[in-house]
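Trainee: pasting a predicted model and its sequence here:
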Amino acid sequence: MWRQMIPALRMTLWLTLLTGLLYPALVTALSQGLFPVQANGSLLTQDGRVIGSTLLGQNFTRPGYFHPRPSAAGSDGYDASSSGGSNFGPTSQKLLDRIQAAKSAEGLQTNIPADMLTASGSGLDPHISPANAQLQVPRVARARNIPEPELAELVNRHTEARTLGFLGEPRVNVLLLNLAVDHRWPARP
Amino acid sequence: MTPNGLLQIAVYFALLVLLTKPMGAFMARVFQGERTFLHPVLAPLERICYRAAGIRPDSEQRWTQYSASLLAFSFVSLVFVYLLQRCQGWLPLNPMGLGAAAPIAPDLAFNTAVSFTTNTNWQAYSGESTLSYLVQMAALAVQNFASAAAGVAVAVALTRGFARQQATSIGNFWVDLTRAVVYLFLPLSLLSALFFCSQGVIQNFAPSTKAVTLEGRPQVIAQGPVASQEAIKMLGTNGGGFFNANSAHPFENPTPLTNLIQMLLIFVIPAGLTYTFGRMVGDQRQGWAIFAAMAVLFLLGVFVLYGAEQSGNPILARLGLQTAPTATQPGGTMEGKEVRFGIAATALFATITTGASCGAVNGMHDSFTPLGGLVPLFNMQTGEVIFGGTGAGLYGMLLFAILAVFIAGLMVGRTPEYLGKKIEGKEVKMAMLALIATSAAILLFTGAGAVIDFAKASYWNAGGPATANLNNAGPHGFGELLYAYSSAAANNGSAFAGLNANTPWYNLTLGLAMLVGRFLIIVPMLAAASRLAAKKKLAATTGTLPTHGPLFVTLLVGTVVIVGALTFFPALSLSPVVEHLLMLQGRLF
């Protein structure tokens, strides 16, 4: 084994240079040139300030905004520097307690969409299900004093179908929807 | 299960079958030293690699030299990754100043170094808050290439053992390693990294972005060179995420389309290698038989997992959560899952990532239903042979093939043969050594973890029982422990992530399990390869068990399942099985 140490050392250093530095440098150069928006996080700006990323969920608690799913990322949820899920198992008392608390806070009874009270794996899920969004329409409309049918129509327009018609699930991007609501009815809640 | 979910699974599997032949044929050419369409561009790079490492590419190695090269390479890599982590505070490409105040602890650095050099990618740390961009790239991503290439090299060497006759050598480790990196991993990674980036995976060296949300709250968005790492993480069946949430994180896996490509990248090389195997041993049907056995086990797993997750958790259903899917919401258990993927794409991903020794996750396995969590556990405990890791899947399945013909031979009282090679005591002993070593690592460490108790001021863990590190109580808690050591010994790297594994006790024992699971399979398999290469090929007679038909496939599947079931059924019945029954009764812990 000791005779193989020299080639092992040289190979490790060479692969570090090739696959650890040159390869990511090449990918960075190409992607910054070809896809500058995506490569930097698909950031959204408003009045010159970054307000988030189209790909990442963020906290919304005001009644006049659509709310995202519960989040286990960071201490307050949607911490984009501390991703993760709750890791509660199916027979966890803590999971049950959390869901029950959220359920009474949102005033829900039955037929709750499966994603509505459950935390995502990343804690940064930008999406909710269309059923979840429609269920929130009355609250948002009331808080903003705007017509419900028009708001429901806006939600429909922001509902993305399955990719290529069959991949994944239909979904609504909460941040983009809330931006659209703000845009359509500019008075802030 | 929904028609759309089944369609996603069917399309995925069809794409995999379609890719197997071209991928396998290409790899056969690469590893036999023939020219491919990439040679005009990449042959100079291959030559540079040999010159840089000082290797004579035309020399062949006996199995002892081959193993020594692999072990030396892994050892140097391990030390290198360890040192880079310990020193990251003083090194460049660290805009967030991670590890500057307090360096990464020795036990964590050891665990991570072992983890990435053994192709496990178990992560006791959380990427975005622990490691600098330099360590992610120059230490971890390098091992993503190197450990995957080493696995492929071993599979190719073992294949040569079956293909050659009266030979003393089984190839050259450095050549196999270099060719895997240059012709396979680099070009495919480059292409998929760019595709990922087009879909939204980030690739930059900027510090975290400080955003102010619509409601006026601060949100710190972690950045980094993710796309380059993401590609090789999947392709090399490594699975170590740039971020803590791994492929559930929208910056790693932003769309259902990237999800599909990531799943294909995991299986494309392991599946292709079955074809390479057939090509190199001169009988394509032998490769397809191995493929078929893997596919049967894979599809069984998918449907059990998908069925369990889609039918959901009755405890949550009683709270009013919908478990039946509708056109506008996914149903099932969505705790730990992303809306964009839903149930089917998460169940499929989980089966693939644990069938291969990848370990990337796009949903949290810890929050799966008990039977949904049973499938990943079983996949890992049967030794990652359901397509398996790059290379590791093929040599693992060949280990079972040796065992299967041995058992068949015992039943009819004939000397077992596989591909015309007599399977004798030595080969069977080597296969058994590998099997027993990994099973022992899983069960003994899990058992120790379940009972060990630490003194108050212990260095190894917080005072009290090691089970205090679990996130869940009851049978699920035991499941977290069993999953951790299964994952480590199988070199998978996924987790029931609730377990706080970042203590010296867990870092050390999981590190040891990973080393056992890697090298106590590789070295015996190389020894077996050498014995096989030395033998003559016997002509098939009417008494030979054909190893390319449904009979052999059934026998092989049966061997995998029975060995797994006999070894792990008691442990599994203490966790997912009993948990399932308790969940149906509505018991909580």
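Mentor: Sure thing, it's come through. Numbering: from 1, shown residues only, chains lettered A, B, ... in the order given.
Trainee: which parts of the chain are strands?
Mentor: Picked chain A for this. A:43-46, A:49-53, A:127-128, A:159-160, A:171-173 (DSSP state E).
Trainee: ah, no, chain B please
Mentor: B:209-212, B:218-221, B:417-418, B:421-422, B:453-454, B:464-465.
Trainee: for residue B:577, see how far away residue B:438 is.
Mentor: 22 Å (CB to CB, to the nearest Å). Where you see a C-beta, it was placed from the backbone N, CA and C, and this is true even at glycine.
Trainee: of the two, who's got more company?
Mentor: Neighbours per residue, other CB atoms under 10 Å in any protein chain shown: of residue B:438 and residue B:577, the larger number sits with residue B:438, 27 against 16.
Trainee: for chain A, give me the ranges with low pLDDT.
Mentor: A:1, A:187-189 (pLDDT under 70).
Trainee: per-domain residue ranges of it.
Mentor: A:2-39, A:43-184 (automatic domain parsing).
Trainee: out of these, which gets nearest to chain B?
Mentor: For those, distance to chain B was read as CB to the nearest CB. The smallest value, 2.9 Å, belongs to domain A:43-184.
Trainee: pull the residues that contact stretch B:539-548.
Mentor: B:283, B:285-286, B:288-289, B:401, B:405, B:408-409, B:412, B:414, B:416-420, B:551-552 (CB atoms under 8 Å, 6 or more residues apart in numbering or on different chains).
Trainee: at the geometric centre of chain A, which residue do we find?
Mentor: Central residue of chain A (CA atoms, centre = their mean): residue A:126, 2.1 Å from the mean position.
Trainee: how about the residue nearest to it when sequence neighbours are not counted, what does it touch?
Mentor: Leaving aside its chain neighbours, residue A:126 sits nearest to residue A:57 (4.5 Å; criterion: CB to CB, 6 or more residues apart in numbering or on different chains). If you count contacts by CB under 8 Å, 6+ apart, residue A:57 has them with A:68-69, A:71, A:78, A:120, A:124-127, A:174-175.
Trainee: over to residue B:160?
Mentor: Contacts of residue B:160 (CB under 8 Å, 6+ apart): B:167, B:170-171, B:280, B:529, B:533.
Trainee: let's go with 7 Å and repeat that
Mentor: Contact analysis of residue B:160 by CB atoms under 7 Å, 6 or more residues apart in numbering or on different chains lists B:170-171, B:529, B:533.
Trainee: circling back: ramachandran angles for the residue nearest to the centre of chain A?
Mentor: The phi/psi pair for residue A:126 (degrees, to the nearest 10) reads phi -80, psi -10.
Trainee: can you pull the residues of the stretch 451-589 of chain B lying near chain A?
Mentor: B:471-472, B:474, B:476, B:497-498, B:579, B:582-583, B:587-589 (CB under 7 Å from any CB of the partner chain).
Trainee: can we see that at 10 Å?
Mentor: Neighbours of chain A within the stretch 451-589 of chain B, by CB under 10 Å from any CB of the partner chain: B:470-477, B:479-480, B:495-499, B:576, B:579-580, B:582-583, B:585-589.
Trainee: please flag which of those sit within helices.
Mentor: B:474-477, B:479-480, B:579-580, B:582-583, B:585 (DSSP state H).
Trainee: turn these into JSON lines, columns for neighbour count.
Mentor: Listed next are these as JSON lines, based on neighbours: other CB atoms under 10 Å in any protein chain shown:
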{"residue": "B:474", "neighbour count": "19"}
{"residue": "B:475", "neighbour count": "23"}
{"residue": "B:476", "neighbour count": "29"}
{"residue": "B:477", "neighbour count": "25"}
{"residue": "B:479", "neighbour count": "31"}
{"residue": "B:480", "neighbour count": "27"}
{"residue": "B:579", "neighbour count": "27"}
{"residue": "B:580", "neighbour count": "19"}
{"residue": "B:582", "neighbour count": "19"}
{"residue": "B:583", "neighbour count": "22"}
{"residue": "B:585", "neighbour count": "9"}
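Trainee: close enough to count as contact, residue A:158 and residue A:177?
Mentor: Yes. Residue A:158 lies in contact with residue A:177 (CB atoms under 10 Å); the separation is 4.6 Å.
Trainee: list residues touching both of these two?
Mentor: Common neighbours of residue A:158 and residue A:177, counting by CB atoms under 10 Å, 6 or more residues apart in numbering or on different chains, are A:66, A:133.
Trainee: out of these two, which sits in the busier spot?
Mentor: Neighbours per residue, other CB under 10 Å: of residue A:158 and residue A:177, the larger number sits with residue A:177, 24 against 20.
Trainee: of all the domains of chain A, which lies closest to residue B:4?
Mentor: The minimum distance between residue B:4 and the domains of chain A falls on domain A:43-184, with 5.8 Å, by CB to CB.
Trainee: can you measure across the closest one, start residue to end residue?
Mentor: 21 Å (CA to CA, to the nearest Å).
Trainee: now do stretch B:26-37
Mentor: Stretch B:26-37: ends 9 Å apart by CA to CA.
Trainee: chain center to that stretch: distance?
Mentor: 25 Å (CA atoms, centre = their mean, to the nearest Å).
Trainee: out of the strands of chain A, deepest packed?
Mentor: strand A:127-128 (a mean of 28; mean count of other CB atoms under 10 Å in any protein chain shown).
Trainee: what helices and strands are in contact with it?
Mentor: helix A:130-144, strand A:171-173, helix A:174-184 (3 or more CB pairs under 10 Å, 6 or more residues apart in numbering or on different chains; DSSP states H and E).
Trainee: the same query, at a cut-off of 7 Å, please.
Mentor: With contacts taken as 3 or more CB pairs under 7 Å, 6 or more residues apart in numbering or on different chains; DSSP states H and E, strand A:127-128 sits against strand A:171-173.
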